[in-house]
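*Asks:* next come a sequence and a model predicted from it.
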Amino acid sequence: MSTASDMLAAYLAAEASVLAGKEVRFQDRMLRREDLPEIRAGRRDWEQRVAAESATAAGAPTIGGVRFSVARMD
């Protein structure tokens, strides 16, 4: 697993724990239910990084980081 995948898994676990009403120690901070928007923002960021790594590994073409597909007219 990559660092991005590991971080995404950590954020998903933290989000699930906070939603269950628990306090979670994440890195050097204690997170509670009121920190849920911050956890979700971090999760979205890591999801984007994992998606970018997957696209790069798959060899998807990009222009400026935006993926595109090429139509073949044969």
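*Replies:* Good, I have the coordinates.
*Asks:* now the helices for this structure?
*Replies:* Ranges of helices in the chain, per DSSP state H, are 3-19, 36-58.
*Asks:* for stretch 2-9, what is the average pLDDT?
*Replies:* Averaging pLDDT along stretch 2-9 gives 87.
*Asks:* in it, which residues are buried?
*Replies:* Residues of stretch 2-9 classed as buried by neighbour count (16 or more other Cβ atoms under 10 Å): 4, 7, 8. To be clear about C-beta, it is placed using only N, CA and C from the backbone, and glycine gets the same treatment.
*Asks:* touching that stretch from outside, list them.
*Replies:* Residues outside stretch 2-9 that contact it (Cβ atoms under 8 Å, 6 or more residues apart in numbering) are 1, 43, 46, 47, 49, 50, 53.
*Asks:* could you report the pLDDT at the third one?
*Replies:* Turning to residue 46, the model gives it a pLDDT of 91.
*Asks:* so which of the helices of the chain is the most packed in?
*Replies:* Compared across those, helix 3-19 shows the largest average neighbour count, a mean of 16 (mean count of other Cβ atoms under 10 Å).
*Asks:* that one to helix 36-58, inter-axis angle?
*Replies:* Angle, helix 3-19 to helix 36-58, by axes from the mean of the first three to the mean of the last three Cα atoms, to 10 degrees: 150 degrees.
*Asks:* dump the residue contacts of the nearest residue to residue 40 once chain neighbours are set aside.
*Replies:* Leaving aside its chain neighbours, residue 40 sits nearest to residue 15 (6.5 Å; criterion: Cβ to Cβ, 6 or more residues apart in numbering). For residue 15, the contacting residues are 36, 39, 40, 43, by Cβ under 8 Å, 6+ apart.
*Asks:* off-centre distance for stretch 53-73?
*Replies:* The chain centroid and the centroid of stretch 53-73 are separated by 19 Å, computed with Cα atoms, centre = their mean, to the nearest Å.
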